[in-house]
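> Here is the input, now give the coordinates:
(one chain, ligands or ions: 1)
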Amino acid sequence: PHPPLFHTRHAEESAERPHLVTIVRPCSQNGLRKVTVLLNRRAVVSFEQLLLDLSEALGFPRWHRGRVTRLYTTHAREVRGVCDFFCGEVAFLALGKARPVLNSVQDALEELFPEHSHYRADALRVWEKKLRPAPDKAAKADSGYSEETENTGKVQEAQRDAHTQVKNHTDAHTSQHADKNQQGQYIPDSQKSNKKNSCKKTAHLPNNLQKLRVRGEVKKRHPSPIGPFKHNELLRDADIPSPILCENCLATKSRPLAPGLIGTLSGRVPLPPVSKKQKGSHHTDQEVKPSDVSNSPSSPQVSRDKEKSCAPLQLLRPAPHAASAHTEARLADSCVLPSEGTGLTLADIERCYEIGRLIGDGNFAVVRECRRRDDGQPVAMKIVERSKLIGREHMMQNELSLLGSLSHPRIVRLLAHHHTRTHSYLVMELVSGGDLFEAINDKGKFPEPEAGRMVSDVSEALDYIHCRSIVHRDLKPENLLIEKVSAGIGRLKLGDFGLAMVVTEPVFTICGTPTYVAPEILCETGYGVAVDVWALGVILYILLCGFAPFRSRDRDQEELFKLIKHAELHFPSPYWDSISEGQTEAKGLVRSLLKPDPTVRLTAEQILQHHWVKAMASVCSQRALPDKTKRD
Ligand SMILES: Nc1ncnc2c1ncn2[C@@H]1O[C@H](COP(=O)(O)OP(=O)(O)OP(=O)(O)O)[C@@H](O)[C@H]1O
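Reported below is the predicted structural model:
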């Protein structure tokens with residue numbers, strides 16, 4: 001017998017294989033929330049972290065009062081550790097510190113098992129027993145809930161909120177629901193009596209754990225119809241790029257947020273309000289001030305490790321491409337920090353760079369506009385809080401080693417990187433026109449020439465990296481930066497190489513962002529650089545019509561993945577009526593990029609030769625020329 005072709009492939013029943021698990025959070029007032037995550041045991045650092053991350057995936061950040069603190073099997077057995085979690089169950093109930101009401105548990109079970117009434121009834125009986133008033137102290141202690149039911153807790157919180165006039169809109173959201181609840185919520189008698197009997201054991205929420213990226217969908221009880229495809233609606237409701245759990249690195253992108261929580265169209269992970277900085281705000285010491293060290297969520301061991309990991313200052317000097325060789329060499333040469341990098345502090349960084357306004361924030365980093373003090377050169381500085389990367393350090397390594405080795409006009413240049421005890425600073429070429437995601441949000445969709453030019457730009461970048469056997473794996477509008485070349489004319493540059501890797505044989509790691517993920521990634525049949533071309537196909541589709549080609553009406557990720565695997569492409573009227581039709585034109589190109597079989601999908605090199613791409617790029621170049629040149 002032949003040995004297995006690819007050693008990275010997971011056997012069907014392997015514990016290492018990622019499993020789909022569905023978590024429902026019963027919320028007595030808000031309906032329930034559901035998330036399906038692809039989890040790999042290897043990737044879960046601790047149970048506390050798992051709770052925290054599931055909570056965030058369900059739309060309850062760590063600071064939120066509704067955060068998940070307990071997990072139960074459908075038959076009311078508490079999951080107390082990672083082993084418990086990975087013992088074969090595929091569905092769990094996530095609870096907060098308040099005692100759940102039976103009605104909401106019932107709703108959750110219905111959501112999970114709509115067609116299995118016997119199973120549901122059986123599970124409900126166990127829950128009924130569990131939630132019955134505890135007869136004695138020992139039983140109360142075991143229940144683990146505070147005196148509050150979900151209802152009373154929310155009401156009290158709402159009153160407290162009103163009293164302190166907290167204006168935070170998240171709290172307001174909760175208060176609203178609490179009022180509603182006060183008026184209308186049915187609390188079974190058994191639950192009411194529980195208030196007296198249950199113990200005061202408070203829920204443990206570890207705050208020393210970092211976010212794990214889980215893909216998630218927040219399911220509304222009565223999802224509003226998506227209706228006619230409007231870009232904003234699409235992004236907000238159906239196709240907000242939400243993360244997929246990467247089985248090795250858990251490296252993922254944005255996630256959807258619960259309605260009413262802090263939300264941006266980008267679906268980027270919300271930060272607690274206290275630390276959230278606004279775009280355009282000015283730099284403060286907070287990012288690295290010494291108190292961060294003591295307040296740092298990291299354990300002492302982690303801190304020590306971080307200490308060791310402080311790398312000396314490195315300046316990267318990749319061979320610059322001809323057009324900008326001079327500027328880039330000058331940039332790299334002129335940054336002078338102390339030769340010994342260990343022990344670098346923010347003060348050292350600030351001696352070299354004037355750190356300015358916030359221009360971007362991702363899941364792992366904030367990006368600030370900076371100016372090099374010695375030559376006044378504007379640069380972008382990506383500031384990564386390393387405690388956020390625990391277990392995913394290789395993401396930054398990727399960015400440093402891969403991006404640092406690349407030099408192409410359509411790829412963001414990494415110029416230098418510096419590391420203090422707590423943070424890493426990646427100094428990059430400043431691309432000042434924002435990212436494509438923002439542009440799509442602003443414009444909705446683009447005329448064919450502009451879309452074609454963008455495809456040409458991205459294909460140039462992809463052709464360059466694919467020739468070097470590098471797959472990006474996270475191609476999406478957020479990672480395409482716009483370089484303003486002249487009034488109204490922008491060119492794209494590819495950035496964020498956190499998930500990139502060198503691919504020499506088929507890869508099986510599941511990662512990416514759902515809307516853009518290629519079918520072969522989901523099918524686990526092994527993939528290569530063609531996944532970037534698929535993502536480009538999705539982007540082109542969005543550019544031309546303003547919505548994504550594969551959409552789940554109910555924001556159900558499983559459904560979305562089914563649609564992607566099926567890869568049935570539609571060009572709904574009237575949105576596509578005016579788009580050029582032929583095989584050598586726009587729709588033809590979309591079809592050629594979104595071929596489910598990666599072996600017949602166009603390559604980046606072929607895209608650059610595509611009739612429509614060449615024609616559109618040339619139209620744009622003509623437009624960019626000064627009038628005089630055009631007349632000549
Ligand atoms: N060189 C740059 N010039 C200008 N803006 C940039 C630059 N690099 C990044 N940005 C902005 O910052 C945002 C976040 O950057 P980036 O995607 O690299 O961070 P991240 O934490 O790795 O993000 P993600 O959430 O995708 O993992 C980008 O979407 C972009 O808007």
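> going forward, measure contacts and count neighbours with C-alpha atoms only.
OK.
> now the helices for the stretch 51-200 of the chain?
82-85, 102-112, 117-131, 137-143, 150-164, 169-184, 189-197 (DSSP state H, counting those that start in this stretch).
> Ile355 pairs with what?
Counting by DSSP bridges, Ile355 is bridged to Cys370.
> was I right about it contacting Cys370?
Yes: with contacts counted by C-alpha atoms under 8 Å, Ile355 reaches Cys370, the gap being 4.6 Å.
> Who has more neighbours out of these two?
Taking other C-alpha atoms under 10 Å, Ile355 and Cys370 do not tie; Cys370 has more neighbours (26 against 22).
> where does the more buried one sit relative to Cys545, distance-wise?
36 Å (C-alpha to C-alpha, to the nearest Å).
> ranges for the helices of the stretch 451-600 of the chain?
Going by DSSP H, counting those that start in this stretch, the stretch 451-600 of the chain shows helices at 519-523, 530-545, 557-566, 586-593.
> Near the ligand, which residues of the stretch 301-450 of the chain are found?
Neighbours of the ligand within the stretch 301-450 of the chain, by C-alpha under 6 Å from any ligand atom: 359-365, 367, 380, 412, 428-432, 434-435.
> Pull out the buried members of the residues you listed.
359-365, 367, 380, 412, 428-431, 434-435 (16 or more other C-alpha atoms under 10 Å).
> Going by neighbour count, list what's buried in stretch 548-568.
548-558, 560-561, 563-565, 567.
> repeat for stretch 496-515
496-503, 506-515.
> Repeat that for stretch 64-79.
Under the neighbour-count criterion of 16+ other C-alpha under 10 Å, stretch 64-79 has 65-76, 78-79 buried.
> what's the most distant pair in these?
Arg65 and His75 (25.1 Å; C-alpha to C-alpha).
> domains in the protein, as residue ranges please.
Domains of the chain are assigned by the TED database as 18-129, 346-429, 434-624.
> Make TSV out of the ones you listed and add mean pLDDT.
Output for the domains of the chain, formatted as TSV (pLDDT from 0 to 100):
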stretch	mean pLDDT
domain 18-129	82
domain 346-429	90
domain 434-624	92
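> contacting residues around stretch 495-508?
6, 8-9, 251, 395-399, 402-403, 411-412, 468-474, 479-481, 512, 521, 524-529 (C-alpha atoms under 8 Å, 6 or more residues apart in numbering).
> Of the residues you listed, keep whichever come out buried.
9, 251, 395-396, 398-399, 402-403, 411-412, 469-474, 479-481, 512, 521, 526-529.
> Gln557 reaches Val37, doesn't it?
No: Gln557 lies out of contact with Val37 (C-alpha under 8 Å); the separation is 9.1 Å.
> Could you show which parts of this protein are in contact with the ligand?
Residues of the chain found near the ligand (C-alpha under 6 Å from any ligand atom) are 253-254, 359-365, 367, 380, 412, 428-432, 434-435, 478-479, 496.
> From these, which land in strands?
Counting by DSSP state E, the residues of the chain next to the ligand place Ile359, Gly360, Asp361, Ala365, Val367, Ala380, Met428, Glu429 in strands.
> looking at this, Val24 is in a strand?
Yes: counting by DSSP: H, G, I helix; E, B strand; the rest coil, Val24 is located in a strand.
> what's across from it in the sheet?
Per DSSP bridges, the residues bridged to Val24 are Lys34, Leu93.
> Count residues in the vicinity of it, would you?
27.
> What residues does it make contact with?
Residues in contact with Val24 (C-alpha under 8 Å, 6+ apart) are Leu32, Arg33, Lys34, Val35, Ala91, Phe92, Leu93, Ala94, Ala108, Leu112.
> most surrounded residue in the residues you listed?
Ala94 (28 neighbours).
> all strands of the stretch 301-450 of the chain, in order?
314-315, 353-361, 365-372, 378-385, 414-419, 423-429 (DSSP state E, counting those that start in this stretch).
> Distance to Lys129 for those - can I get that in JSON lines?
Listed next are the strands of the stretch 301-450 of the chain as JSON lines, based on distance: least, C-alpha to C-alpha, whole Å:
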{"stretch": "strand 314-315", "distance to Lys129": "62"}
{"stretch": "strand 353-361", "distance to Lys129": "47"}
{"stretch": "strand 365-372", "distance to Lys129": "47"}
{"stretch": "strand 378-385", "distance to Lys129": "46"}
{"stretch": "strand 414-419", "distance to Lys129": "55"}
{"stretch": "strand 423-429", "distance to Lys129": "50"}
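> between the ones you listed, which one is nearest to Arg601?
strand 414-419 (30.7 Å).
> Pull up the gap between Thr603 and Leu32, please.
Taking C-alpha to C-alpha, one finds Thr603 at 43 Å from Leu32.
> so Ile383 makes contact with Ala365?
Yes: counting by C-alpha under 8 Å, Ile383 touches Ala365, with 5.4 Å between them.
> Need the residues touching each of the two.
Joint contacts of Ile383 and Ala365 (C-alpha under 8 Å, 6+ apart) do not exist.
> Please consider this matter closed, and thank you.
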